[in-house]
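[1] predicted model follows, preceded by the sequence.
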Amino acid sequence: MPRADVLVLGAGPVGCTLALALLGSPHRVRLVDPRPAASPGFRPIALSHASRLILERVGAWGAFPATPIASIHVSQAGAFGRTRLDAREAGVPIEPADLEAHEAVLLPPLVGRYRDLDVRVSPPTSQGFVLLEILAALERLGIDPDPLGADAGALALLFRAASLDRDRHLADPERMRMHPHALLDDGHIASLVDAVRSGRPVAALTDGKDVFFGREGDVIEGRYKIVKVNVESIDIAYVDGRGQRRIGLSG
């Protein structure tokens, strides 16, 4: 058998698609399958739109008949419950009329500053406001932003502290209980800096009126002690000894 640079095991849909994608490359490709020939009979297969794009790219999409999936019924014989998914109810596929009715909503950007640059990000993107948090904290810490530099460890702690905010909050003023500006104010940025210096995660809490920031072990308003900061919740203990409770952090 001639030598091959790439050996594809299995001549099913995935194996054949990979072999076609490698055509024209400098690699010698060999496709092998233990079956002597293709299985006879009809074999339906459900493909996503992304799979269709891949098949179009390798020139294989028009080689077989295809029918759009209009509805999906999910159930199990003898089991309780069922689910039905309808393409039109889900808004797919998108028709020209759908695009004509679409209206773009422009929101004012969130603005931050790093060194001598104004940085603007467009909500609602959690990555955007977390970027502004990180840049503001970098300014205060005065560390080297090079991820391979001497301050790489401090950078990792900063990204960890900011990622907790990303997991708890949306940067969409219309849907989050805490406005992004509260997470970008001096108080919260200072708490992120302290979290990096101490290695302890920081949490942002609100009672509907005010916003409070604290780390594990801190006492908030003389009433609660932060016991543990989790990704989606925070464990607090009442200072008066009434016990502990877990508060979900969402939106």
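    Yes, it's here.

[2] please make it C-alpha for all contacts and neighbour counts, starting now.
    Noted.

[3] gap between residue 118 and residue 132?
    Using CA to CA, to the nearest Å, residue 118 is found at 10 Å from residue 132.

[4] can you give me the strands for the chain?
    Here the chain has its strands, by DSSP state E, at 6-9, 29-32, 71-75, 82-86, 110-114, 117-121, 202-206, 211-215, 219-220, 224-229, 233-238, 244-248.

[5] give me the angle between the fourth one and strand 71-75.
    Just to be clear, that refers to strand 82-86. 170 degrees (axes from the mean of the first three to the mean of the last three CA atoms, to 10 degrees).

[6] so which of the strands of the chain is nearest residue 48?
    Using CA to CA as the criterion, the shortest distance between residue 48 and the strands of the chain is 13.2 Å, found for strand 71-75.

[7] elements contacting the closest one?
    Applying 3 or more CA pairs under 8 Å, 6 or more residues apart in numbering; DSSP states H and E, we find strand 71-75 packed against strand 82-86.

[8] pairing partners for the strand it packs on, with directions?
    Here strand 82-86 has these sheet partners by DSSP bridges: strand 71-75 (antiparallel).

[9] and the strand it pairs with, what's its mean pLDDT?
    Mean pLDDT, strand 71-75: 83.

[10] which residues touch that strand?
    81-87 (CA atoms under 8 Å, 6 or more residues apart in numbering).

[11] could I have it exported to PDB, CA atoms only?
    Only the C-alpha atoms of strand 71-75 are listed here, as PDB (Å, rounded to 0.1, in the frame of the first residue of the first chain):
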ATOM      1  CA  SER A  71     -40.800  20.200  12.500                       C
ATOM      2  CA  ILE A  72     -39.300  17.800  15.100                       C
ATOM      3  CA  HIS A  73     -41.200  15.600  17.400                       C
ATOM      4  CA  VAL A  74     -39.300  14.300  20.400                       C
ATOM      5  CA  SER A  75     -40.800  11.500  22.600                       C
END
